[in-house]
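Q: just to be clear, the model below is a prediction. Sequence and coordinates:
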Amino acid sequence: MSLKNQLGQKIQTLRKKRRLTQEKFAELIGIDPKNVSKIENGNNYPSSETLTSIAKALGVEIYELFVFRHELSYVEMKKEIEDALVDEKTVLYLYQMLKIM
């Protein structure tokens, strides 16, 4: 799946979670509803200005629009990490991974 398609699907998923129609969403971000459809269908990339407006309207940081593999919230991710830290081997492994980054 292309980046345009993944981004479009992510935007659509977040928009629907917030119960926004394409028309209302388009109004919030200042573009034509037809362009929202094109972005969500993976036919167009949003401009940087539109991307900023999209993130703001959806209540996320821009980078979150490009996180495709995890549908967990960051609170849920943090909880999973904290739960994993009870095992010494996991702590050592994560520490080593962080040093590499």
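A: It's in.
Q: all strands for this protein, in order.
A: Using DSSP state E, the chain contains no strands.
Q: where do the helices sit along it?
A: Remark: helices assigned in the chain by DSSP state H are 3-17, 22-29, 33-40, 48-58, 74-84, 88-100.
Q: quick one: closest of these to F66.
A: With C-beta to C-beta as the criterion, F66 lies closest to helix 3-17 of those, at 6.8 Å. C-betas here are computed from N, CA, C, even on glycine.
Q: who does the closest one touch, helix- and strand-wise?
A: Here helix 3-17 is seen to pack against helix 33-40, helix 48-58 when contacts are counted using 3 or more C-beta pairs under 8 Å, 6 or more residues apart in numbering; DSSP states H and E.
Q: angle of that helix against helix 33-40?
A: 120 degrees (axes from the mean of the first three to the mean of the last three C-alpha atoms, to 10 degrees).
Q: show me what the helix or strand of the chain with the lowest mean pLDDT packs onto, helices and strands only.
A: Among the helical and strand segments of the chain, the one scoring lowest on mean pLDDT, DSSP states H and E is helix 74-84, with a mean of 77. Contacts defined by 3+ C-beta pairs under 8 Å, 6+ apart place helix 74-84 against helix 88-100.
Q: report the contact partners of the one residue sitting closest to the centre of the chain.
A: Here the mean C-alpha position of the chain is nearest to the C-alpha of L65 (C-alpha atoms, centre = their mean), at a distance of 2.7 Å. Residues near L65 by C-beta atoms under 8 Å, 6 or more residues apart in numbering: L7, K10, I11, L14, L51, I54, A55, L58.
Q: hmm, try it at 10 Å
A: Applying C-beta atoms under 10 Å, 6 or more residues apart in numbering, one finds that L65 lies in contact with Q6, L7, K10, I11, L14, P46, L51, I54, A55, L58.
Q: I29 now?
A: 11, 15, 20, 35-36, 39, 46, 49-58.
Q: one more time with 6 Å
A: I29 makes contact with S53, I54, A57 under the criterion C-beta atoms under 6 Å, 6 or more residues apart in numbering.
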